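Novice: return a 3D structure for these sequence lines:
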Amino acid sequence: MKSLNNDPIAHSELIELQEELLKETIVELREGWGKFTPEMKKYYREFKKETNYFSRNSDVDELIEKILKSDIVYSGDYHTLGQSQNAHLKLLSETIRRKEEVIIGMEMVYIEDQNHLDEYLKGDIDENDFLIKSKYDEKWGFNWENYKPILDLAKENNLKVIGLNYPAFQVPNPLFVRDKKASELISKISIENPEKLIFVIFGDMHITSSHLPRQVKLELEKKKVSRKDLIIYQNIDEVYFKLVKENLENNVDVVMLKRRVFSILNTTPFIKYQSRIHWRENIDYYHCKFYDIGIDKCTCGDTIVFEEEIQELLRSVTKYFNISKDNLPDFESYTYDSKILFDRIREAGIDMKTIKMKLKIHDSFYISDPPIICLGRPNTNHMTEQASIYLYYCNSLFDEDKLTPIDLYFARIIINALGFLGSKIINPKRKCSRLKDFELFNLKYKGKRLKGKLYKQKIVARNIFKHYELLLSILKSKKRNNRGFSNLANKDQMTAGLLSKCIGQILGENIFYSILQELISKEEIRKLFFNDFDIPGVSFMEYIDLENNVKSVNIPFQSKDERF
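Specialist: Numbering: from 1, shown residues only. Below is the predicted model of the structure:
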């Protein structure tokens, strides 16, 4: 595959930034690791040996085909990384769509709790009962919200799910014992269900060929049974940086390490390790539920401090765009359910309905007066996005109250683009919904009556196409007239907000690749952080200029469905 990154300077500066962030994160992570046992060191060495190289690039379609031709699939899990569990979900969804006979094995559930898992999948007990009876937080403890969709998928498709974990505490070689117990169960299930694919979700180091897969083969050999297996790792550091050398890290999502061993790449090493720090500090628990926001009943989130981490991310964005970080005003940051946030908003006289609307539109958002970053999802993507928006507000005199609806519409698109661009600088693997995704959404729900969130998404999708039809007409005719956009700019607050967010994210991603492909300079983008958009028509003209500059950009993926 040919590299799409043609600007060696912009790319090398981006990678230098990534390496600096990774180095700092590894140092911080090691401080809390503690000592590795000899067995842990052995597992790690063997894992590194197997994943130290790859033979060629691959893609999602080839990986799915390999899965369908396998009897047992080992899908490596990085427990603290939501993208890792999303990858399992995508693989399972695609597999089930073509092959109904699938059994899922999961490390997150202990063998001794199989009865509780069965009850939950049958609907005999609810989610809360399952978590209590299986002692989920005590025994596993990783973010339930990341794993729940996999069980939801199993419920929807009436699939069997098997718990594979074993409490090997205070015994010699506990990792081996856990693999041995899991291998006995996997081989038993495979023998009893020869026509079914066994899809095993287990920690990356456990699925190294010499560990769990080997133990399963030995168990099967006792019964004189042979099975074709497949190993799928995720986000191997060495693979990522080898792709970096070829300027392909943003273009390739799957590689083949060797025969029947693949690796998915859906994030950067920095984001992967940062997720472990977040989990250790217990902040990944927080997530904003779009249409169930109890902000007026806030009782928690007050002891978590994000300012230091956001400042570090802000430092990286300012460094990349050569923007001074000196003399920036202090800001506060809270999760959406923080009582302190509620008190601060009330003291400032801000309408709570406005805050709820912002949360529904953006998940996370920035308030300029007083300077507050509110995090619906306190992850690195949202922190960097809001840090970039904070940077814009600090360097400009933007005042939305002075703008007409149509000027505000285009200004918000550009501000959202800057926010998303900032997050792409820190996490180049971050995805957004593109036009093809909205097309697929319309096809999926064509002729169906929708309610709530889906209905609002349908309205937004329909209006996004109207926006781009008008844009295409302007770019072709070169007649810059914004009158056609008035209807979109004057939509209700929710629709207009979601439109500017979605269009802004697409533009932000296009700018990111345009910088790397030398279609637009970092200096041109830097100037946008200082633009007030206070003159009528300026935000529209700036927006059209940006779209004109990025119109020939080569985007490696046209849909989120094409990516992990």
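Novice: and stretch 85-101, how far out from the chain middle?
Specialist: Offset of stretch 85-101 from its chain centre (CA atoms, centre = their mean, to the nearest Å): 18 Å.
Novice: again, but for stretch 92-111
Specialist: 21 Å.
Novice: swap in stretch 194-201?
Specialist: That offset, for stretch 194-201, works out to 27 Å (CA atoms, centre = their mean).
Novice: next one: stretch 342-357
Specialist: Centre to centre, stretch against its chain (CA atoms, centre = their mean), the figure for stretch 342-357 is 29 Å.
Novice: in it, what's buried?
Specialist: Across stretch 342-357, burial judged by 16 or more other CB atoms under 10 Å covers 342, 344, 345, 350, 355, 357. For glycine as for every other residue, the C-beta is placed from the backbone atoms N, C-alpha and C.
Novice: among those, name the ones in strands.
Specialist: Judged by DSSP state E, the buried residues of stretch 342-357 include no members of strands.
Novice: can you lay out these as a markdown table showing distance to residue 33?
Specialist: As requested, the buried residues of stretch 342-357 are exported to a markdown table (distance: CB to CB, whole Å):
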| residue | distance to residue 33 |
| --- | --- |
| 342 | 37 |
| 344 | 36 |
| 345 | 39 |
| 350 | 42 |
| 355 | 39 |
| 357 | 43 |
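Novice: which of those residues sit farthest apart?
Specialist: Within the buried residues of stretch 342-357, 344 and 357 form the most distant pair, 17.7 Å apart (CB to CB).
Novice: related to what we said a few turns ago, nearest to residue 190, out of the buried residues of stretch 342-357: which one, please.
Specialist: Nearest to residue 190 among the buried residues of stretch 342-357, with distances taken as CB to CB, is residue 357, at 51.8 Å.
Novice: how many residues are close by the nearest residue to the closest one once chain neighbours are set aside?
Specialist: Excluding the flanking residues, the one nearest residue 357 by CB to CB, 6 or more residues apart in numbering is residue 493, at 6.0 Å. Neighbour count of residue 493, defined by other CB atoms under 10 Å: 13.
Novice: now do the buried residues in the host helix or strand of residue 314.
Specialist: Counting by DSSP states H and E, the element that carries residue 314 is helix 307-321. By 16+ other CB under 10 Å, the buried positions in helix 307-321 come out as 309, 310, 311, 312, 313, 314, 316, 317, 318, 320, 321.
Novice: and the helix or strand that comes right after it, which strands flank it?
Specialist: Following helix 307-321 in sequence order, the next helix or strand is strand 332-335 (DSSP H and E). Here strand 332-335 has these sheet partners by DSSP bridges: strand 371-375 (parallel).
Novice: quick check: mean pLDDT of whichever helix or strand comes after the strand it pairs with?
Specialist: Downstream of strand 371-375, the first helix or strand assigned by DSSP H and E is helix 380-395. Mean pLDDT, computed over helix 380-395, is 95.
Novice: check stretch 211-220 too.
Specialist: In the prediction, stretch 211-220 has an average pLDDT of 97.
Novice: now do that stretch: everything it contacts.
Specialist: Under the criterion CB atoms under 8 Å, 6 or more residues apart in numbering, residues 43, 46, 72, 74, 175-176, 179-180, 182-184, 186-188, 190-191, 200, 202, 205-207, 226-227, 229, 231 lie in contact with stretch 211-220.
Novice: so which of those residues are in helices?
Specialist: 43, 46, 175-176, 179-180, 182-184, 186-188, 190-191 (DSSP state H).
Novice: quick check: buried residues in whichever helix in the chain runs longest?
Specialist: Assignment by DSSP H gives helix 452-477 as the longest helix of the chain. Within helix 452-477, the residues scored as buried using 16+ other CB under 10 Å are 456, 457, 458, 459, 460, 461, 463, 464, 467, 470, 471, 474.
Novice: pLDDT of it, averaged?
Specialist: Here the average pLDDT along helix 452-477 is 92.
Novice: check stretch 273-290 too.
Specialist: For stretch 273-290, the mean confidence score works out to 63.
Novice: which ones are touching residue 53?
Specialist: Counted by CB under 8 Å, 6+ apart, residue 53 has contacts 238, 242, 257.
Novice: am I right that it is in a strand?
Specialist: No. Assigned with DSSP: H, G, I helix; E, B strand; the rest coil, residue 53 falls outside any strand and is coil.
Novice: tell me how far stretch 275-282 is from the chain's mean position?
Specialist: 16 Å.
Novice: okay, buried residues for that stretch please.
Specialist: Buried residues in stretch 275-282 (16+ other CB under 10 Å): 275, 276, 277, 278, 279.
Novice: quick one: the helix or strand harbouring residue 217 to helix 174-192, angle?
Specialist: Taking DSSP H and E as the criterion, residue 217 maps to helix 212-222. Helix 212-222 runs at 50 degrees relative to helix 174-192, counting by axes from the mean of the first three to the mean of the last three CA atoms, to 10 degrees.
Novice: start the count at 148 instead of 1 going forward.
Specialist: OK, 148 is where the count begins now, so the last one is helix 359-369.
Novice: list the buried ones in helix 359-369?
Specialist: Buried, per 16+ other CB under 10 Å, within helix 359-369: 359, 360, 362, 363, 364, 366, 367.
Novice: turn the buried residues of helix 454-468 into CSV, including pLDDT and distance to residue 540.
Specialist: Converted to CSV, the buried residues of helix 454-468 look like this (pLDDT from 0 to 100; distance: CB to CB, whole Å):
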residue, pLDDT, distance to residue 540
456, 89, 19
457, 93, 14
458, 93, 16
459, 92, 19
460, 94, 16
461, 95, 12
463, 95, 18
464, 96, 14
465, 96, 14
467, 95, 19
468, 95, 15
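Novice: now flag whichever of those is closest to residue 478.
Specialist: Using CB to CB, the buried residues of helix 454-468 come closest to residue 478 at residue 457, 7.8 Å.
Novice: measure that closest one to residue 491 for me?
Specialist: Noted for residue 457: a distance of 16 Å to residue 491, by CB to CB, to the nearest Å.
Novice: same deal with residue 350?
Specialist: As for residue 350, its distance to residue 491 is 41 Å (criterion: CB to CB).
Novice: then residue 700?
Specialist: 40 Å.
Novice: isn't residue 345 up against residue 221?
Specialist: No. The pair residue 345 / residue 221 is not scored as a contact, 9.3 Å apart, by CB atoms under 8 Å.
Novice: who has more neighbours, these two?
Specialist: Shown here are residue 345 and residue 221; by other CB under 10 Å, residue 221 has more neighbours (28 against 24).
Novice: now do the contacts for residue 215.
Specialist: In this structure, residue 215 makes contact with 242, 245, 246, 344, judged by CB under 8 Å, 6+ apart.
Novice: now the residue lying closest to residue 396 once chain neighbours are set aside: which helix or strand?
Specialist: Closest residue to residue 396 apart from its sequence neighbours, by CB to CB, 6+ apart: residue 390 at 4.2 Å. Element membership for residue 390 (DSSP H and E) is helix 384-392.
Novice: helices and strands around that helix, which ones?
Specialist: Packing partners of helix 384-392 (3 or more CB pairs under 8 Å, 6 or more residues apart in numbering; DSSP states H and E): strand 401-405, helix 416-427.
Novice: do that again at 10 Å, thanks
Specialist: Applying 3 or more CB pairs under 10 Å, 6 or more residues apart in numbering; DSSP states H and E, one finds that helix 384-392 contacts helix 155-177, strand 401-405, strand 408-411, helix 416-427.
Novice: run the chain-centre distance for the helix holding residue 461.
Specialist: Worked out by CA atoms, centre = their mean, helix 454-468 lies 20 Å from the chain centre.
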